[in-house]
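In: pasting a predicted model and its sequence here:
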Amino acid sequence: MAATMVKLAFPNHFPLITKEPIKPTNRALSSKNYSLCPSKNGNFSTTSENNNGRVKKMIGEFNREIPIEEAFTPPSSWYTDSEFYTHELTQIFYRGWQPVGYTDQVKEPRDFFTGSRLGSVEYVVSRDEEGELYAFHNVCRHRASPVASGTGKSSCFVCPYHGWTYGLDGKLLKATSITGIKNFEPSETGLVSIRVAVWGPFVLVNFEDGANPNKILDNKDVSSEWLGNAAELLTANGIDTSLDYVRRRVYTLECNWKVFCDNFLDGGYHVPYVHKGFASSLKLDSYSTEVYEKVSVQRCRVNNTNGREEECDRLGSKAFYAFVYPNFMISRYGPWMETNLVLPLGPKKCHVIFDYFLETPLTDNIDFIEKSLETSHGVQEEDMSISTCVQKGLESPAYQVGRYCPNVEMAVHHFHCLLHRNLTR
């Protein structure tokens, strides 16, 4: 395959698409004695604190200062070790903005959705009667049962265990059978808040500091914190609120979450080998990679001369693949936008949540939608199969580290360098 083009791009401004200003609200405060960050360093407490030396050694086996032409990949322990995985949750997933859903899920007052468990965290996002957007840890303050499940519309959250009831703003509305209780402050016993924001069609949460209702966050800060210097690029390439949501599919993969990310980021290197049928639809020699601060972008032109009219209708003339560190992928091609959210379930298992969006004029074309999704599903099954095989290889005593192919795996190397930076902060 022909060498890809790499372009380093660093625009100096951060355009914004947002519908939800982040401002002080009357949401419930957590108890003064309740801490989301009980560890000494102010972060989620993890067992990695007791195994600090061992984890540090694993982290130190990768050097992000070495140029890609000379660099070795991170060691296989990054993909297999349980202590490393626990440290990774703390340093990567419990910090910064995480995409958790899309705006149509909380489009109207009283809408809510819950998210997949991320490490030890479960959450719920809701919009109250006044249209204010909230996010909370999905944990009752009485005996820790989740208070909500799924997606829907409700006027309140009622704990299924003992009936404690919370408003969509997180305030405790009712605590059953508490006659005789002392030193109990309902105003301090609401659901524990999480920061929440919106960028384009995506709902984001930030677990790092909980939610401080007295602190105003500038939406420009949210954009730059999540996307770095690539926000305008994504908007210019059709990643916006103009598309209609179509469907969700969730895949469970028997591999470390980073295996799936590495596969997405390899500059089309695997396409002619893993996706032999799909490969003929792309002009693989046109693949290019651009590396930004927190985002990498791959582009490829579509082969419109292969005689497959349906595939041309699905893919359009070009494909745009964006990876938002650490675990979110956005593919924009033809009338479609597809997002992949990779959620770790352990050192050797992950969920990949696929959401599909489509240009409005085609949302009534059921035949086109079903054929397109069937084709996409076939590609995902091929990626799942190779990712499972790679995970088995990573567990082999014969494999310790690999090398990068400098002309195609720039985005993979960039991803690993960002991981290393966060793991050592």
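Out: The structure has been received and is ready for your questions.
In: check contacts around residue 315.
Out: 281-282, 302, 333-334 (Cβ atoms under 8 Å, 6 or more residues apart in numbering). For the C-beta atoms, the positions are set from N, CA and C on the backbone; glycine is no exception.
In: ignore the last one, residue 183
Out: Not one residue lies near residue 183 by Cβ under 8 Å, 6+ apart.
In: wait, a strand at it?
Out: No - membership of residue 183 in a strand is not supported by DSSP: H, G, I helix; E, B strand; the rest coil, which gives coil.
In: just checking, residue 408 touches residue 270?
Out: No - using Cβ atoms under 8 Å, residue 408 is not in contact with residue 270, being 9.6 Å away.
In: which one's more surrounded, the two?
Out: residue 408 (22 against 18; other Cβ atoms under 10 Å).
In: burial of the residue lying closest to that one once chain neighbours are set aside, as a residue count?
Out: Of all residues not flanking residue 408 in the chain, residue 267 sits nearest, at 3.8 Å (Cβ to Cβ, 6 or more residues apart in numbering). Residues within reach of residue 267, counting by other Cβ under 10 Å, total 26.
In: use 36 as the first number for this chain going forward.
Out: Will do, 36 is the new start, and the previous item becomes residue 302.
In: go ahead and measure how far the helix or strand that residue 260 is a member of is from the middle of the chain.
Out: Following DSSP states H and E, one finds residue 260 within helix 254-262. Centre-to-centre, helix 254-262 and its host chain are 15 Å apart (Cα atoms, centre = their mean, to the nearest Å).
In: got it, and stretch 166-184?
Out: Computed by Cα atoms, centre = their mean, the chain-centroid distance of stretch 166-184 equals 21 Å.
In: which of the residues in it are buried?
Out: For stretch 166-184, a neighbour-count test (16 or more other Cβ atoms under 10 Å) marks 167-177, 181-183 as buried.
In: out of those residues, which is nearest to residue 435?
Out: residue 172 (39.0 Å; Cβ to Cβ).
In: give the contact list for the closest one.
Out: Residues near residue 172 by Cβ under 8 Å, 6+ apart: 71, 156-158, 226-227, 229.
In: the closest residue to residue 101 other than its chain neighbours: neighbour count?
Out: Computed as Cβ to Cβ, 6+ apart, the closest residue to residue 101 that is not its neighbour in sequence is residue 107, at 7.8 Å. Neighbour count of residue 107, defined by other Cβ under 10 Å: 14.
In: and the gap between the residue lying closest to residue 459 once chain neighbours are set aside and residue 127?
Out: Nearest non-adjacent residue to residue 459, counting by Cβ to Cβ, 6+ apart: residue 94, 6.1 Å away. Here the criterion is Cβ to Cβ, to the nearest Å. By it, residue 94 lies 12 Å from residue 127.
In: equivalent analysis for residue 414, please.
Out: 27 Å.
In: and what of residue 431?
Out: From residue 431 to residue 127 the distance is 25 Å (Cβ to Cβ).
In: how about residue 90?
Out: Between residue 90 and residue 127 the computed distance is 13 Å (Cβ to Cβ).
In: the stretch 236-385 of the chain: helices as residue ranges?
Out: Using DSSP state H, counting those that start in this stretch, the helices found in the stretch 236-385 of the chain span residues 254-262, 266-271, 292-299, 306-309, 311-314, 344-350.
In: residue 435: which of the ones you listed is closest?
Out: Proximity to residue 435 (Cβ to Cβ) singles out helix 292-299 among the helices of the stretch 236-385 of the chain, at 15.9 Å.
In: tell me where the model's unsure across this structure.
Out: Along the chain, segments meeting pLDDT under 70 span 36-86, 244-254, 340-347.
In: just checking, what packs against the biggest helix by length in the chain?
Out: In the chain, ranked by residue count with DSSP state H as the criterion, the top helix is helix 401-429. In this structure, helix 401-429 packs against strand 279-288, helix 292-299, helix 306-309, helix 311-314, helix 344-350, strand 384-393, with contacts taken as 3 or more Cβ pairs under 8 Å, 6 or more residues apart in numbering; DSSP states H and E.
In: mind listing what's buried in it?
Out: Within helix 401-429, the residues scored as buried using 16+ other Cβ under 10 Å are 403-404, 407-408, 410-411, 415, 417-419, 421-422, 425-426, 429.
In: hang on, isn't the residue nearest to residue 443 packed against residue 333?
Out: Yes - at 6.1 Å, residue 302 counts as touching residue 333 under the criterion of Cβ under 8 Å.
In: and for those two, which residues touch both?
Out: 322, 324, 446.
In: emit the ChimeraX select command for whichever of those are buried.
Out: In ChimeraX, this line selects whichever of these come out buried by 16+ other Cβ under 10 Å:
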select :322,324,446
